[in-house]
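Visitor: Have a look at this fold, sequence not included:
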C-alpha cells in the first residue's frame, strides 16, 4: 500500500506563488510516475503536470510557463511550483502516483487527499 500526503495549499493573490509538495510512503518499490491533477467546483478532474523517474515532464497547456514540476527520487517527493497564479487556477489539487510493487507486479494508481488552492484578491 502506498500513501500520498500533500501540503502547501492555501490562499494567494493573483500573480502570487505557491509550492505544493507530495510525499509518498508505504511499501514502495518503484514509483513510475508522479504528478498533480486538479478539480475545480463543477468541473472534471484534469491533469496539471506529470513527471516520470527519468525526469520527463508533461504539462497542461493552461499552466505551461507558469508551473514547474520536480521530483526527488531519493525521498519520493514531488513538488509543484506555481507562479503567476490566476483565479482560474483555484481548485483542489491532488497528488497522483503510479506504483509497481515488484519487477513483474501490476502497476496501481494512488491518490492523495487533496489540498485546496484559492487564488483571489
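Guide: Good, I have the coordinates. Please read all numbers here as calculations on a predicted model, not as lab measurements. Numbers count the residues shown, from 1 in each chain.

Visitor: Can you tell me the closest non-neighbouring residue to the spatially most central residue of the chain?
Guide: Against the mean C-alpha coordinate of the chain, by CA atoms, centre = their mean, the closest residue is residue 36 at 2.4 Å. Ranked by CB to CB, 6 or more residues apart in numbering and with sequence neighbours excluded, the top spatial neighbour of residue 36 is residue 48, at 4.3 Å. C-betas here are computed from N, CA, C, even on glycine.

Visitor: by contact count, what packs against the helix or strand where that neighbour lies?
Guide: Here residue 48 sits within strand 46-52, counting by DSSP states H and E. Packing partners of strand 46-52 (3 or more CB pairs under 8 Å, 6 or more residues apart in numbering; DSSP states H and E): strand 30-39, strand 57-59, strand 67-72, strand 77-82.

Visitor: What residues sit buried inside that strand?
Guide: By 16 or more other CB atoms under 10 Å, the buried positions in strand 46-52 come out as 48-51.

Visitor: Test for you: state the pLDDT assigned to residue 59.
Guide: Looking at residue 59, its pLDDT stands at 98.

Visitor: what does the one 3 residues further on give?
Guide: What the model reports as pLDDT for residue 62 is 97.

Visitor: got it, and residue 55?
Guide: 88.

Visitor: So it versus residue 87, what's the distance?
Guide: Distance of residue 55 to residue 87, computed by CB to CB, to the nearest Å: 31 Å.
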